[in-house]
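In: sequence and computational prediction follow.
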Amino acid sequence: MNTEQIYSGLTEIFHDVFEDQSIVPTPRMTAEDVDDWDSLNHINLIVAIEARFKIKFKTAELESLRNVGQLVDTIAQKLSKG
Amino acid sequence: MADPYTDLGWLPVRDDWSAALEQARAAESQAALDALIQLANCRIDFAQTGRLDRAVQQLATRPLDPAPGIRPIKLAILSSCTVTHLQPGIRVGALRRGLWAEIYEAPYGMYRQELQDPASGLHRFNPDVLLLSLDARHLVGADGSTAEGALELMRDCWQLARALDCVILQQTLLPVFRSLLGNNEHRYRQSPAARVQSVNAQLRALADANGVELLAVDETARWDGIPQWHDEALWHRAKQEIHPRVAHVYGDQVGRVLAALRGRSYKCLVLDLDNTVWGGVIGDDGVAGIQLGQGNAVGEAFLAFQRYALELAGRGVILAVCSKNDEANALEAFEHHPEMLLRPKDIACFVANWNDKATNLRKIAQRLNIGLDALVFADDNPFERNLIRQELPQVAVPELPEDPACYAGCIAAAGYFEGLTVTSEDQERGAQYQANEQREQLRESVTDLGAYLTSLGMQLRHAPFDEIGMARIVQLINKTNQFNLTTRRYTQPEVMAMVSDPHCLHVQLRLLDRFGDNGIIALVIGRLSASRELALDTWLMSCRVLGRQVEAATLSVIAARARRMGATALLGEYCPSPKNGMVKDHYGKLGFELSGEDEGVTRWRLPLERFEPAPVLMNIVEGM
């Protein structure tokens, strides 16, 4: 799966979790940029990503995430190992 | 096959679910609500549940005044960990069963303060149901904690909650701890895992002794596997003991308990025959040719499903048959197949013909005097299932798996028949319906109604509410929908309070006849006012005894008791609900005069000084 495909999957998840069809995830996007991206929805987002890509994040990985770009890199890394 | 619990496997998959959600959002409010209820009755995951919940929330500008047919219920959640993510699942789980849950969540970890402080948000919210969702680490995770200490803490909470005068729903402990000893963990009392086992084992009896209902997450999670329900990493990160991916499953469990509390559980399992209770087609294969019974794995699977149906009947679920078959062929298997467990006597209503099944299900509901929304229809044929879902959306139609070995698991997972108690009436229900069939046959052979009623040799017994009848009384109050003048629901503590109030009239009535004991079939509750008028707060009756003059006989019982209390008049009240249209003119028929009407609610009055009891064809006897 290439980066573009990950973004495409991520877009659908963002639309579902935040109930906003206009969101376009970009590498520099952070929780500040999205209404409703609070701690509760953050958990929902991560759980949805884990289910969709069939991966499991490590606690430390989640602690260090700072923006969508890092999230996508982490997903890509996990998928390439899988 | 889908996991029955984690995937809500009994609900049908709908491919256009997202599109339908968008459509529903755009619809007029009543149509939108109907559409959203149908979308809740599809197989959805936690994320879809969240989206559905938001759509419902947007629709509800006035949360306490929802559309007709939807009943509000106020649920407060007290917790020791994060539970906010569970709210959408609970609301959708309630909505799936026609209930509108308004939820109050106490601030994180503040459950004791909220209970103790009469000015707290919890007390102001005034819940119908209080859910105590305490996590296992909080209760027994600390060094030196004990099972007894945890039980003591719960009991303290229940005591404090008495002031709220609501139903208490206690969550059992989720077994989240790793073992220290292993298979014989229970021998190491300092082990948190052993403490959880001990608390859960003792909690059952303690809850019963205190009139508390349980939400048995330990049992539900057992079928899914604890790792589905609990993730240690997530606990460290978010203090969520219950994983969001099962939030909709948890919510459905809460929803079904709320439904049971509100009398919304299903009452009747309607069975198709060919490839549902036996393998093959009886019309083609003949009694000797169907697959059923020992020695063949498929035959044994059908037998196991029959056994499950019989066990349900044993606790009060009504069984019926709805099959496309010649009746003679279908009955032959019930009467003559040596391995059949289901026999004609177990089936309260047997319909086998070539009409469409929607027509037949209507007929079954009518013959049994129950609503269509009390029926669960089990059929292996996807075409018939979809037809019924379209024609009769009130009927629950489980998505039976292809393998008959999984039928019982599917029905069980759906929780259609969620019950809170089993009364002796429940256990005798099958026999009562059978006796009803015999009465019907007698009625058909006797043309004169009076002669028929006389031939029944009826005896109506009446007494104030008592301890022995309490479980049945509370059950009747909370599940009678049709013959129910006001549809007021009361909890056991509330009913107990009435019993100790000298100005409260409370009567239970039992009907016996030559075919047997119908059990407690009617209840009346009234209150004497200072002006010596007795206002009838509740009058309800089981539809099984309609057309037998019980209404008139009950009135003469009430009138006599009211006079003894010093009353000069009876005041009646009819509050319309979606289901009680049949009693709209109940008081008029009994000779009450209409005294007022307000938004469909009618008020009636019957002066007692000139009241003469109508003659009835039964003996009326005091004492149960």
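Out: Received it, and whenever you're ready, just let me know what you need. Numbers count the residues shown, from 1 in each chain, chains lettered A, B, ... in the order given.

In: which parts of chain A sit against chain B?
Out: Residues of chain A lying close to chain B by C-beta under 8 Å from any C-beta of the partner chain are A:16-17, A:19, A:39-40, A:43-44, A:47-48, A:51, A:58-59, A:62. C-beta coordinates here come from the backbone N, C-alpha and C atoms, glycine included.

In: out of the residues you listed, which are buried?
Out: A:16-17, A:19, A:40, A:43-44, A:47-48, A:62 (16 or more other C-beta atoms under 10 Å in any protein chain shown).

In: A:A76 and A:E4 touch, don't they?
Out: No - applying C-beta atoms under 8 Å as the test, A:A76 and A:E4 come out as separate, 10.8 Å apart.

In: which one of these two is surrounded by more residues?
Out: Each of A:A76 and A:E4 has its neighbours counted (other C-beta atoms under 10 Å in any protein chain shown); A:A76 has more, 16 against 8.

In: ok, residues contacting the helix or strand that contains B:V92?
Out: Per DSSP states H and E: B:V92 is located in helix B:87-95. The contact list for helix B:87-95, computed with C-beta atoms under 8 Å, 6 or more residues apart in numbering or on different chains, reads B:36-37, B:40, B:44, B:46, B:49-50, B:52-54, B:56-57, B:70, B:73, B:75, B:77, B:100-101, B:103, B:105, B:247-256, B:258-259.

In: only whichever of those are buried, select them in ChimeraX.
Out: Buried residues within those, by 16+ other C-beta under 10 Å, are selected in ChimeraX with:
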select /B:36,37,40,44,46,49,50,52,53,56,70,73,75,77,100,101,103,105,247,248,249,250,251,252,253,254,255,256,258,259
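
In: list, out of the contacts of helix B:87-95, those positioned next to chain A.
Out: B:46, B:50, B:54.

In: between those residues, which sits nearest chain A?
Out: Chain A has its nearest neighbour among those in B:R54, at 5.6 Å by C-beta to the nearest C-beta.

In: so the closest one makes contact with A:V17?
Out: No - using C-beta under 8 Å, B:R54 is not in contact with A:V17, being 10.7 Å away.

In: what does chain B have sitting close to chain A?
Out: Residues of chain B lying near chain A (C-beta under 8 Å from any C-beta): B:45-48, B:50-51, B:54, B:84-85, B:233-234, B:236-238, B:240, B:243-245.

In: burial count for the closest residue to B:G279 other than its chain neighbours?
Out: In this structure, B:G279 finds its nearest non-sequential neighbour in B:Q291, 2.9 Å apart by C-beta to C-beta, 6 or more residues apart in numbering or on different chains. Neighbour count of B:Q291, defined by other C-beta under 10 Å: 18.

In: and for B:R245?
Out: 20.

In: how close does it sit to B:R262?
Out: 28 Å (C-beta to C-beta, to the nearest Å).

In: again with B:C42
Out: 23 Å.

In: residue of the stretch 251-400 of chain B nearest chain A, please.
Out: Closest point on the stretch 251-400 of chain B to chain A, by C-beta to the nearest C-beta, is B:G251, at 14.2 Å.

In: pretty sure that residue sits against B:L86.
Out: Yes - between B:G251 and B:L86 there is a contact under C-beta under 8 Å: 6.3 Å.

In: buried ones in stretch B:590-609?
Out: B:590, B:592, B:602-604, B:606, B:608.

In: could you identify the most distant pair in those?
Out: For the buried residues of stretch B:590-609, the farthest-apart pair by C-beta to C-beta is B:T602 and B:L608; their separation is 19.9 Å.

In: where's B:E339, which helix or strand?
Out: Applying DSSP H and E, one finds B:E339 in no helix or strand.

In: just B:Q475 next, same as before
Out: helix B:470-479.

In: show me how far the lengthiest helix in chain B is from its chain's centre.
Out: Longest helix of chain B, by residue count under DSSP state H: helix B:424-445. Relative to its chain's centre, helix B:424-445 lies at 22 Å (C-alpha atoms, centre = their mean, to the nearest Å).

In: kindly format the C-alpha coordinates of the helix or strand of chain A with the lowest mean pLDDT as PDB.
Out: Every helix and strand of chain A was ranked by mean pLDDT, DSSP states H and E. The lowest is helix A:59-64, at a mean of 89. Included here for helix A:59-64 are C-alpha records, laid out as PDB according to Å, rounded to 0.1, in the frame of the first residue of the first chain:
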ATOM      1  CA  THR A  59       1.700   2.900  23.300                       C
ATOM      2  CA  ALA A  60       5.000   4.800  22.700                       C
ATOM      3  CA  GLU A  61       4.200   5.400  19.000                       C
ATOM      4  CA  LEU A  62       0.900   7.000  19.900                       C
ATOM      5  CA  GLU A  63       2.600   9.200  22.500                       C
ATOM      6  CA  SER A  64       5.000  10.600  20.000                       C
END
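
In: coming back round to it: dump the longest helix of chain B to CSV, restricted to CA.
Out: The C-alpha atoms that make up helix B:424-445 are tabulated as CSV, following Å, rounded to 0.1, in the frame of the first residue of the first chain:
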residue,chain,number,x,y,z
SER,B,424,-44.5,-19.2,38.3
GLU,B,425,-47.0,-17.7,35.8
ASP,B,426,-44.2,-17.6,33.2
GLN,B,427,-43.4,-21.3,33.7
GLU,B,428,-47.0,-22.2,33.3
ARG,B,429,-47.7,-20.0,30.3
GLY,B,430,-47.5,-22.8,27.8
ALA,B,431,-50.2,-24.7,29.7
GLN,B,432,-52.3,-21.6,29.9
TYR,B,433,-52.3,-21.0,26.2
GLN,B,434,-53.1,-24.6,25.6
ALA,B,435,-56.0,-24.3,28.0
ASN,B,436,-57.0,-21.2,26.0
GLU,B,437,-57.1,-23.3,22.8
GLN,B,438,-59.4,-25.7,24.6
ARG,B,439,-61.7,-22.8,25.7
GLU,B,440,-61.8,-21.6,22.1
GLN,B,441,-62.8,-25.0,20.9
LEU,B,442,-65.6,-25.1,23.5
ARG,B,443,-66.7,-21.6,22.5
GLU,B,444,-67.0,-22.8,18.9
SER,B,445,-69.1,-25.7,19.9
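
In: neighbours of the closest residue in space to B:V422 that isn't next to it in sequence, how many?
Out: Nearest residue to B:V422 in three dimensions, chain neighbours excluded: B:R315, at 5.1 Å (C-beta to C-beta, 6+ apart). B:R315 sits with 14 neighbouring residues when counted by other C-beta under 10 Å.

In: ok, B:M340 next?
Out: 21.

In: so which strand or helix has residue 8?
Out: Answering for chain A, as no chain was given. helix A:3-18.

In: look at chain B instead
Out: Counting by DSSP H and E, B:L8 is part of no helix or strand.

In: right, and it touches B:R43 too?
Out: Yes - B:L8 lies in contact with B:R43 (C-beta under 8 Å); the separation is 5.1 Å.

In: who has more neighbours out of the two?
Out: B:L8 (26 against 16).

In: got phi/psi on the more buried one?
Out: phi 50, psi 50 (degrees, to the nearest 10).

In: again with B:G293
Out: phi 110, psi -180.

In: list the contacts for it?
Out: Contacts of B:G293 (C-beta under 8 Å, 6+ apart): B:299-300, B:303, B:338-339.

In: what's the spacing between the closest residue to B:F515 other than its chain neighbours and chain A?
Out: Nearest non-adjacent residue to B:F515, counting by C-beta to C-beta, 6+ apart: B:A435, 4.0 Å away. Applying C-beta to the nearest C-beta, to the nearest Å, the value for B:A435 to chain A is 53 Å.

In: what's the local residue count around B:A435?
Out: B:A435 has 18 nearby residues by other C-beta under 10 Å.

In: local confidence estimate at it?
Out: As predicted, B:A435 sits at a pLDDT of 74.

In: hang on, the earlier thing: need phi/psi at the residue nearest to B:V422.
Out: Per degrees, to the nearest 10, the backbone of B:R315 is at phi -100, psi 10.
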